[in-house]
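Novice: Please find the sequence and the predicted model below.
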Amino acid sequence: MERLKVQDICKSFGGLTAVSNVSFQVEAGQIVSIIGPNGAGKTTVFNLLTGFYTCDAGSILLDGRPIENLPPSQYVKEGVARTFQNLRVFPAMTVLENVLIGYQSKIEYGWADAILRTPRLREQERAAREAAMEILERLKLSAFAGERCAGLPYGLQKKLEIARALVCSPRLLLLDEPAAGLNPQETAELADFVHGLPEQGFTILLIEHDMSLVMDISNYIYVMDYGRVISEGIPEQVQKDPKVIEAYIGQGGIRHASEG
Amino acid sequence: MSSFLFYTVNGLVLGSTYALTSIGYSMVYGILELVNFTHSTVYMVGAYLFYILAVVAGLPMWAAFLLAVFMTGLIGVLYERLTLRPLRVRHQPKFAMLICTIGTSIVLQNIFFLTMGSETHQYPSLFEGHYLRVGGFNITAVQLVIIVATAVLLLAFTLFINHTRVGMAMQACAQDGEAAGLMGISVDNIVSLTFFIGSAMAAVAGVMGCMSYRSVDISIGTAIGTKTFASTVLGGIGVFYGGVVGGLVIGLTEVYTAAYLGSNYRNIPAFLILILILFLKPNGLFGKKTLKKV
Amino acid sequence: MQRNKRFFDLKRILPLLLAAAMYAAPLAITNQYVLRVCVYVSIYSILACSLNLISGVCGQVSMGHAAFYGVGAYTSALIALSFGLPWPICLLAAGVLSALVGLLIGTPALRLQGGYLVICTVGFNELVRLILLNWVSVTRGPMGLTNIPRPRFFGVAIHSGRQYLYLSMTLLLIVYITLRNILHSRFGRNLRAIKEDETAAETMGIRVHREKVTAFAIAAGFAGMAGSMLAHYMLYINPNLFIGDFSTTILSMVVLGGMGSMPGSVAAATLLTVIPEALRELDRYRMLIYGLMLICMMLGKNIPWDTTPLGRAAARLRGRVKIARESEHGGKD
């Protein structure tokens, strides 16, 4: 079953075309990756998928429902959660509070409940806390629940950002370079964790520079360059595709080759 | 018709003082993204220093003027060094600086209150007794001098900012302070220079404004504060000529309103314009739109 | 475990004890002047706490809070003067109207970022002052409104300084508890998240603009109520009470007390009301000292609440309670 179906989306800034006629799809319960050299338009695609940019053309369907061009705050309700390339946790809040923010779209009590501290609020707050702690437990972060996020090592903050997205129980999880800035051991742990997510019912679209990570865990890969999809297939196919090799060698290829 | 001309000249004089003062706001906002509440007080400081030097100390007018402008510039550099730089260096949030500028403003105002009192002083002027008679109205010589002097000063400033190394360095800092720093520009020095020029211009505006009104008191800074903001925002913060156009527009509207609707309403259009422009076109008439980075 | 339990109880009892002490204290005050200062402390605390919601918690710096205070004061006074309605209704009307004005101005204003928002609120404050000053037929301009009726309860007018203190304290308590409850709910969390990172907050499904505007309107509403309290206490108001300078004072209370801390706001409102009163002797130098104090406060780096001496003490206390509570929680699991 197709979880996400993206058809011919386009986006240009002024005269610069960032994404042109990009189409791809993600099957439910799979890990699909988008790779490509810097400036290929990958993050732009994520921003289009989460409403930060509006599509000039094309359609985005999540389980058959059109979700393009909604306000960014609407996507969590639609079932799309994301992380950011350059870490965006709430540094002055505690780890637990960060995850609670992720859970907030599931909380239903209103201002009146908040001001009067009704039983409804207490009930839902308890449920929220339990759900958040459970996620933290799963990511082995529960020991830090009461700590300010700013004090945590980078690797843990990255994990926290994923926890915050997971607690939304998204039907589609967008990970934007989750391994960036992690050491090899942390990367390996992350790979294991992400790899296990589909079993828990998550579907993942991943942007990543770390080739070994992508090749290890992806079910399917799309390769982008200059705003277009230039190749796609299972990891083994993509790895051998001369167009892909050319794209990487043509633009900062050596670095990526050495990483891969 | 002649009354209209008279009001227009008055409006241009007022607008000139706003325009000169707005440059300081604009430059500081451009580089530090800070709304500098001290700036309008600096306008008062400049005017008072001239008064003290020319009337109390009895210096010749030109010497008093140059000295007052220079000293005001130095005061600008000084308060930036003492109260803003420490916060900037430690990457404190913007509102800490904001409150600091308010504090400095109160301190400066009270220093002059304590030394000079709160009463209104008669201000010296140039070319007393010379005026142009248009219809039934007098346009004084000093008003014409103010308009011409402002034009010359603005022209000089434009040349400076666009055609000298330092001027271009200032523009670079305004666009991207971090990058400018990496390119070997000393951001600290540029900030100091910005405060010097901004404050000096405000002093010129202060002296000229008071010359045209023939009086000075310690509340004149507060009085022009928000109106100069309005001018700056109307033209687009960080766009110098925008502030100038904004200043003239606000000055003219103010005078016309006072003349045709009654002087009770003279202060209202500035704030209406300010709020409307913020709501409709927050980047101002000449400002560029910035893309939100994700 | 026993010990921890006791800690937990202490945390529950402490606020009650404080409230009891607060209500007992006025009985011990006989000096009319002290009572007067205390009434002002309560009113300013309401202003500081409410501004804290939008500026401290949510990071949207507003320098126009005195405008809502003024709108509330005038609304309440005018309703009382023209229709003779009882004070609680005036109070409510003041709150509602100020909140509506907050909504009206906040909706476009809160789309502005940082410095622009500051300028806009400064302009708004000035505009309100000018309207109060020039709309003579309604506000009586610079003359102000006089003979505002005292609040009455069951036919008895509030008269003594002590009665006023009880009234203003009760209002403060209600506002304080409301704001505290908001802070401890999803809305408080959301506002803090917005302050930290709007983009991330939006991605997590928070409707950033709506939350900001709501918080702004609530803050404005409470400021309006504080205005109503003031009007029916002073029995005389004029536009000069609601100038931009006073907005600055309220903002400096929020900053001094620590952005986002309600107890801090109350403490700072107390300090910034009492110190100038104590400095009355040095009347001429009062504002100079106040200005220097603002600068020193900022340079003394007290921006994150936890780094102020007050904040550190509170953090220590909170830390102890939290450890106690967590170990208790752990015990349950």
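Specialist: Arrived safely.

Novice: Where does residue B:133 sit, in terms of helix or strand?
Specialist: Assigned by DSSP states H and E, residue B:133 belongs to strand B:131-134.

Novice: If we ignore the residues flanking it in sequence, what's nearest whichever residue of the stretch 151-260 of chain A sits closest to chain B?
Specialist: Closest to chain B within the stretch 151-260 of chain A is residue A:176: 10.0 Å, counting by Cβ to the nearest Cβ. All C-beta atoms are positioned from the backbone trio N, CA, C, and that covers glycine. The spatial neighbour of residue A:176 that comes closest, neighbours along the chain excluded (Cβ to Cβ, 6 or more residues apart in numbering or on different chains), is residue A:85 at 4.4 Å.

Novice: what about residue C:215, neighbour count?
Specialist: Residues within reach of residue C:215, counting by other Cβ atoms under 10 Å in any protein chain shown, total 26.

Novice: Ignore what I typed, I meant residue C:45.
Specialist: For residue C:45, using other Cβ under 10 Å, the count is 28.

Novice: returning to what we had before: tell me the pLDDT of the residue of the stretch 151-260 of chain A closest to chain B.
Specialist: Per-residue pLDDT puts residue A:176 at 90.

Novice: Not counting sequence-adjacent ones, nearest residue to residue B:144?
Specialist: Nearest one to residue B:144, counting by Cβ to Cβ, 6+ apart, is residue B:132 at 7.3 Å.

Novice: what's that neighbour in contact with, if anything?
Specialist: Residue B:132 is in contact with B:138, B:139, B:140, B:141, B:144, counting by Cβ atoms under 8 Å, 6 or more residues apart in numbering or on different chains.

Novice: Please narrow those to those residing in strands.
Specialist: B:138, B:139, B:140 (DSSP state E).

Novice: among the residues you listed, who's most crowded?
Specialist: Busiest of the ones in strands among the contacts of residue B:132 [other Cβ under 10 Å] is residue B:140, holding 21 neighbours.

Novice: Tell me the spacing between that one and residue B:8.
Specialist: Distance, residue B:140 to residue B:8, by Cβ to Cβ, to the nearest Å: 14 Å.

Novice: Give me every residue in the stretch 101-250 of chain A that's in contact range of chain C.
Specialist: A:101-102, A:104-105, A:107, A:109, A:111, A:113-117, A:121, A:125, A:128, A:146, A:164, A:168 (Cβ under 8 Å from any Cβ of the partner chain).

Novice: Out of those, list just those in helices.
Specialist: A:101, A:102, A:111, A:113, A:114, A:115, A:116, A:121, A:125, A:128, A:164 (DSSP state H).

Novice: who in the stretch 151-300 of chain C is up against chain A?
Specialist: Going by Cβ under 8 Å from any Cβ, the residues of the stretch 151-300 of chain C near chain A are C:178, C:181-182, C:184-190, C:192-193, C:196-197, C:199-208, C:214.

Novice: Just the buried ones from those?
Specialist: Neighbour counting by 16 or more other Cβ atoms under 10 Å in any protein chain shown classes C:178, C:181-182, C:185-190, C:192-193, C:196-197, C:200-208, C:214 among those as buried.

Novice: ok, back up a step: the residues of the stretch 101-250 of chain A next to chain C, buried ones only, as a PyMOL selection?
Specialist: Buried residues within these, by 16+ other Cβ under 10 Å, are selected in PyMOL with:
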select buried, chain A and resi 101+102+104+105+107+109+113+114+115+117+121+125+128+164+168
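
Novice: Out of the ones in helices among the residues of the stretch 101-250 of chain A next to chain C, flag the one nearest to residue C:54.
Specialist: Of all those, residue C:54 sits closest to residue A:111, with 14.8 Å by Cβ to Cβ.

Novice: wait, the closest one sits on residue C:187?
Specialist: Yes: if you go by Cβ atoms under 8 Å, residue A:111 and residue C:187 touch, sitting 6.6 Å apart.

Novice: shared neighbours of these two, which are they?
Specialist: residue C:214.

Novice: What average pLDDT does the helix or strand hosting residue C:219 get?
Specialist: Residue C:219 is part of helix C:208-234 when elements are defined by DSSP H and E. Across helix C:208-234, pLDDT averages out at 94.

Novice: Does anything pack onto that helix? Which helices or strands?
Specialist: helix C:32-51, helix C:65-83, helix C:87-109, helix C:161-183, helix C:186-196, helix C:198-203 (3 or more Cβ pairs under 8 Å, 6 or more residues apart in numbering or on different chains; DSSP states H and E).

Novice: Give the next helix or strand downstream of that helix.
Specialist: Heading C-terminal from helix C:208-234 (DSSP H and E), you reach helix C:244-257.

Novice: circling back to that earlier point, export the helices and strands packed on helix C:208-234 to TSV and tack on mean pLDDT?
Specialist: What follows is the helices and strands packed on helix C:208-234, written out as TSV (pLDDT from 0 to 100):
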stretch	mean pLDDT
helix C:32-51	92
helix C:65-83	94
helix C:87-109	93
helix C:161-183	91
helix C:186-196	91
helix C:198-203	90
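
Novice: Which among those helices is found nearest to chain B?
Specialist: helix C:87-109 (4.0 Å).

Novice: Show me what counts as buried in the helix or strand just after that closest one.
Specialist: Next in sequence after helix C:87-109, counting helices and strands by DSSP H and E, comes helix C:114-134. Neighbour-count burial for helix C:114-134, counted by 16+ other Cβ under 10 Å, picks out C:114-134.

Novice: coming back round to it: please put the alpha-carbon coordinates of the strand holding residue B:133 into CSV.
Specialist: The C-alpha trace of strand B:131-134 is given here as CSV (Å, rounded to 0.1, in the frame of the first residue of the first chain):
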residue,chain,number,x,y,z
TYR,B,131,13.2,86.1,6.6
LEU,B,132,11.4,85.6,3.4
ARG,B,133,7.9,87.0,3.2
VAL,B,134,5.5,84.8,1.3
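
Novice: Sheet partners, orientation included, of that strand?
Specialist: strand B:137-140 (antiparallel) (DSSP bridges).

Novice: could I have the strand it pairs with exported to PDB, CA atoms only?
Specialist: C-alpha atoms of strand B:137-140 as PDB (Å, rounded to 0.1, in the frame of the first residue of the first chain):
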ATOM      1  CA  PHE B 137       3.800  84.300   6.300                       C
ATOM      2  CA  ASN B 138       7.400  84.500   7.300                       C
ATOM      3  CA  ILE B 139       9.800  81.800   6.300                       C
ATOM      4  CA  THR B 140      12.900  82.400   8.300                       C
END
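
Novice: mean confidence for it?
Specialist: pLDDT averaged over strand B:137-140 gives 78.

Novice: now swap in stretch A:101-119 and tell me
Specialist: According to the model, stretch A:101-119 has a mean pLDDT of 87.

Novice: Please apply the same query to stretch C:284-295.
Specialist: 81.

Novice: just stretch C:247-267 next, same as before
Specialist: The pLDDT scores in stretch C:247-267 average 85.
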